[in-house]
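Visitor: Can you look at this prediction? I've put the sequence above it.
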Amino acid sequence: MVFDYIDGGAEDEVTMSGNVDAFVKHRFVHRVLRDVSALDPSIEIFGQRRPLPFFLSPTAGNRLFHTDGEVAVAHAAGEAGIVSGLSTLGSTSIEDFCAAGTGPKWFQTYVWKDRELTREMLLRAKAAGFETLVVTVDMPVHGSRERDHRNGFAIPPKIGLKQTIQALRAPRWTLDYLASSPIRYANLSQNTSAISLADFVNDQLDPAFCWDDAAELISHWSGSTVLKGVVHPDDAKRAVEIGFDAIQVSNHGGRQLDRDVAPLDALPAIRKAVGEQVPLILDSGVRRGSDILTALICGADAVSCGRAYLYGLAAGGEAGVARSIEILKDELLRSMALLGVASIRELLLERGRWNISTTENLAVHAAMSGPQFR
Ligand SMILES: Cc1cc2nc3c(=O)[nH]c(=O)nc-3n(C[C@H](O)[C@H](O)[C@H](O)COP(=O)(O)O)c2cc1C
Ligand SMILES: O=C(O)C(=O)c1ccccc1
């Protein structure tokens with residue numbers, strides 16, 4: 001049930017698999033005889049240089065996946081110098097997450113019906129040292145994840161016959177789980193009982209949260225702000241108008257609206273709508289280094305991953321997350337060299353030069369008609 005919670009998506013999982021397919025249908029047209037002996041994959045966001053162009057997206061309940069949970073993620077991200085996010089529904093407290101590791105940290109918030117609770121969390125996050133606030137808005141209600149319904153998945157876990165049978169089949173996970181302190185949403189003072197995620201979200205989160213409320217919410221935050229969960233260009237434009245500093249183009253990894261567009265396919269129109277100055281972070285479907293390059297060519301300034309690091313966390317705790325980061329980094333560097341791009345800065349300055357084509361669009365034709373290198 002834990003694997004299904006991480007791996008699964010909404011309804012038929014058409015959007016979830018479509019997120020990955022959107023990357024696969026692109027083809028690079030590599031260039032030759034360009035000096036790729038020194039590669040620079042660094043980027044700049046909110047005025048700060050980061051060594052790699054990818055972040056770790058906020059995800060809920062990490063201690064269910066591995067007992068070290070969010071702290072393991074923060075440590076591994078810190079070692080690599082990359083951004084990690086803490087979910088409002090994390091199983092580690094705001095303060096403990098902030099104290100773990102040395103990397104930059106972003107706090108993700110959902111908006112509660114109890115607005116006082118939302119405000120309190122932002123105050124705590126600010127006091128703990130988070131610089132950036134990510135407001136996730138693609139969950140006015142919970143998506144229907146049918147694997148979770150079948151498994152009776154809940155945080156904290158239910159203990160019924162179905163769950164017990166599954167636990168017996170995963171003895172190592174079960175022993176770790178039994179030895180660890182109780183797993184719950186660490187930033188909610190009321191101790192939630194094991195109700196399904198759907199019931200929890202639909203009961204607690206505020207589906208009436210609108211643009212004016214979002215503007216009001218970020219007026220209480222002094223650092224930078226990101227609106228997460230946008231796929232329509234008009235929403236991206238409006239987000240900038242009301243004061244968001246960046247947009248996370250995301251469909252929540254296909255876990256919310258099934259049949260929703262792939263963020264990668266939505267990206268070019270969003271880039272056109274907001275212009276070159278607004279940072280766009282592409283999230284959903286990133287599994288390989290070549291995906292990162294594809295997203296940057298299609299209009300992103302950075303990408304963010306969810307499952308790619310969660311599989312690592314579940315398999316091996318901090319070392320597993322570190323290994324996931326290393327795999328993405330190795331693949332990215334190799335793809336840069338093979339494509340003929342020495343630095344991400346150079347790529348972002350002239351995205352249009354890097355002919356990328358969809359398979360439908362006949363790569364060779366695009367290569368021959370695209371702009372040429374000096
Ligand atoms: C297990 C899991 C839990 C998640 N929990 C949250 C969350 O609490 N808040 C949030 O904004 N996004 C959450 N997300 C979405 C991720 O932040 C991210 O948008 C998504 O995983 C990106 O897609 P990818 O997994 O294909 O990389 C979650 C995703 C997963 C897989
Ligand atoms: O699973 C998710 O994607 C998510 O954001 C979430 C986390 C905890 C409770 C409900 C939804």
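Guide: Structure's in. What do you need? Numbers count the residues shown, from 1 in each chain. Ligands and ions are numbered 1, 2, ... in the order given.

Visitor: tell me the contacts of residue 256?
Guide: Residue 256 makes contacts with 10, 138, 139, 143, 229, as judged by CB atoms under 8 Å, 6 or more residues apart in numbering. Every residue, glycine included, has its C-beta placed from N, CA and C.

Visitor: Residue 32 too?
Guide: Residue 32 touches residue 340, counting by CB under 8 Å, 6+ apart.

Visitor: element containing it, please.
Guide: Using DSSP states H and E, no element contains residue 32; it sits outside every helix and strand.

Visitor: for this structure, what's the longest helix?
Guide: Secondary structure of the chain per DSSP state H: the longest helix is helix 307-339.

Visitor: Quick check: buried residues in it?
Guide: Of the residues in helix 307-339, 307-314, 316-318, 320-325, 327-329, 331-333, 335-336, 339 count as buried by neighbour count, 16 or more other CB atoms under 10 Å.

Visitor: List just the nearest of the contacts of residue 256 to residue 202.
Guide: For those, the closest approach to residue 202 (CB to CB) belongs to residue 139, at 9.9 Å.

Visitor: List the contacts of the closest one.
Guide: Counting by CB under 8 Å, 6+ apart, residue 139 has contacts 110, 201, 205, 229, 252, 256.

Visitor: Any part of the longest helix of the chain near ligand 2?
Guide: No - figure legend: helix 307-339 not in contact with ligand 2 (CB under 6 Å from any ligand atom); closest approach 10.5 Å.

Visitor: Next SSE downstream of that helix?
Guide: Following helix 307-339 in sequence order, the next helix or strand is helix 344-349 (DSSP H and E).

Visitor: Those residues of the chain touching ligand 1, which are they?
Guide: Residues of the chain lying close to ligand 1 (CB under 6 Å from any ligand atom) are 5-6, 19, 57-60, 87, 89, 108, 136, 228, 250, 252-253, 255, 283-286, 305-308, 310.

Visitor: Tell me which of the residues you listed fall in helices.
Guide: Among the residues of the chain next to ligand 1, the ones falling in helices (DSSP H) are 5, 6, 19, 307, 308, 310.

Visitor: Among those, pick out the one closest to ligand 2, please.
Guide: Closest approach between those and ligand 2, by CB to the nearest ligand atom: residue 5, at 7.0 Å.

Visitor: check contacts around residue 162.
Guide: 151, 152.

Visitor: same for the helix or strand residue 214 falls within, what does it pack against?
Guide: Assigned by DSSP H and E, residue 214 belongs to helix 211-219. Contacts defined by 3 or more CB pairs under 8 Å, 6 or more residues apart in numbering; DSSP states H and E place helix 211-219 against strand 132-136.

Visitor: average model confidence for the strand it packs on?
Guide: Across strand 132-136, pLDDT averages out at 98.

Visitor: quick one: that strand to helix 211-219, angle?
Guide: 160 degrees (axes from the mean of the first three to the mean of the last three CA atoms, to 10 degrees).

Visitor: what comes into contact with strand 132-136?
Guide: When contacts are defined by CB under 8 Å, 6+ apart, strand 132-136 is touched by residues 46, 58, 83, 85, 104-111, 122, 125, 214, 217-218, 221, 223-229, 244, 248, 252.

Visitor: change it to 7 Å
Guide: 46, 58, 85, 106-110, 122, 214, 217-218, 221, 223-229, 248 (CB atoms under 7 Å, 6 or more residues apart in numbering).

Visitor: and those residues, which are buried?
Guide: Among the contacts of strand 132-136, those buried by neighbour count (16+ other CB under 10 Å) are 46, 58, 85, 106-110, 122, 214, 217-218, 221, 224-229, 248.

Visitor: I figured residue 10 was touching residue 259, is that so?
Guide: No - using CB atoms under 7 Å, residue 10 is not in contact with residue 259; the gap is 9.0 Å.

Visitor: Of these two, give the one with the bigger neighbour count.
Guide: When residue 10 and residue 259 are compared for neighbours, residue 10 comes out ahead with 23 against 11, by other CB atoms under 10 Å.

Visitor: Leaving out the residues flanking it, which one is nearest to the more buried one?
Guide: Excluding its sequence neighbours, the residue lying closest to residue 10 (CB to CB, 6 or more residues apart in numbering) is residue 143, at 3.9 Å.

Visitor: For that neighbour, give me its contacts.
Guide: Going by CB under 7 Å, 6+ apart, residue 143 touches 10, 255, 256, 257.

Visitor: That one and ligand 1, how far apart?
Guide: 11 Å (CB to the nearest ligand atom, to the nearest Å).

Visitor: tell me the phi and psi of that residue?
Guide: The phi and psi torsions at residue 143 (degrees, to the nearest 10) take the values phi -70, psi 160.

Visitor: Retrieve the pLDDT associated with it.
Guide: Looking at residue 143, the pLDDT reads 98.

Visitor: Then the one 10 residues further on?
Guide: Reading off the per-residue confidence, residue 153 sits at a pLDDT of 95.

Visitor: Distance-wise, check it relative to residue 264.
Guide: 28 Å (CB to CB, to the nearest Å).
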